[in-house]
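A.B. asks: sequence plus predicted model, see below.
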Amino acid sequence: MISTIIFGNNEMNNVIIPTPQRVSYTDITFNISRIKNIWIDNSYYKFIASEISKSLKNTFNIDSKIVSGSGEIKLELEESPSKMLDLPTPLYYQSYKIIITDKGITIRAASARGLFYG
């Protein structure tokens with residue numbers, strides 16, 4: 001779930017389940033208390049966004065709304081899924097990237113399944 005990956009606390013530093021294929025670190029930080037909106041561009045992803053919203057509420061007491069405009073968390077499909085990772089087809093559809101900038105968090109995936117796992 002997203003809370004395990006993005007929102008780990010100090011006791012879980014550098015522990016991500018499931019273990020990612022690749023992790024790249026930067027000096028960029030994003031304070032999760034700034035999260036107010038989860039942006040989806042397709043109502044098909046509303047369930048995924050609601051699970052993220054529940055996790056934010058249950059873990060950090062952060063209230064967030066699901067919107068179709070802009071938000072601090074963005075769910076999107078990769079326009080060229082072949083850019084995701086060099087994986088066999090069954091795993092390819094589960095792949096995702098989490099990109100954190102000072103403005104927010106983007107979860108980009110090859111499919112809706114990947115968005116859910118992200």
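C.D. replies: Thanks, I have it. All of these numbers come straight from a predicted model, not from anything done at the bench.

A.B. asks: now do the helices in the chain.
C.D. replies: 2-6, 46-60, 89-92, 112-117 (DSSP state H).

A.B. asks: so for residue 27, which of those helices sits nearest?
C.D. replies: helix 2-6 (16.8 Å; C-beta to C-beta). For glycine as for every other residue, the C-beta is placed from the backbone atoms N, C-alpha and C.

A.B. asks: does residue 68 touch residue 38 like I think?
C.D. replies: No. Contact criterion C-beta atoms under 8 Å: residue 68 and residue 38 do not qualify, at 10.4 Å.

A.B. asks: can you add mean pLDDT and give the helices of the chain back as CSV?
C.D. replies: CSV is the format used below for the helices of the chain (pLDDT from 0 to 100):
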stretch, mean pLDDT
helix 2-6, 42
helix 46-60, 92
helix 89-92, 66
helix 112-117, 82
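
A.B. asks: follow-up on the earlier one: okay, residue 68 and residue 38: which has more neighbours?
C.D. replies: residue 38 (26 against 12; other C-beta atoms under 10 Å).
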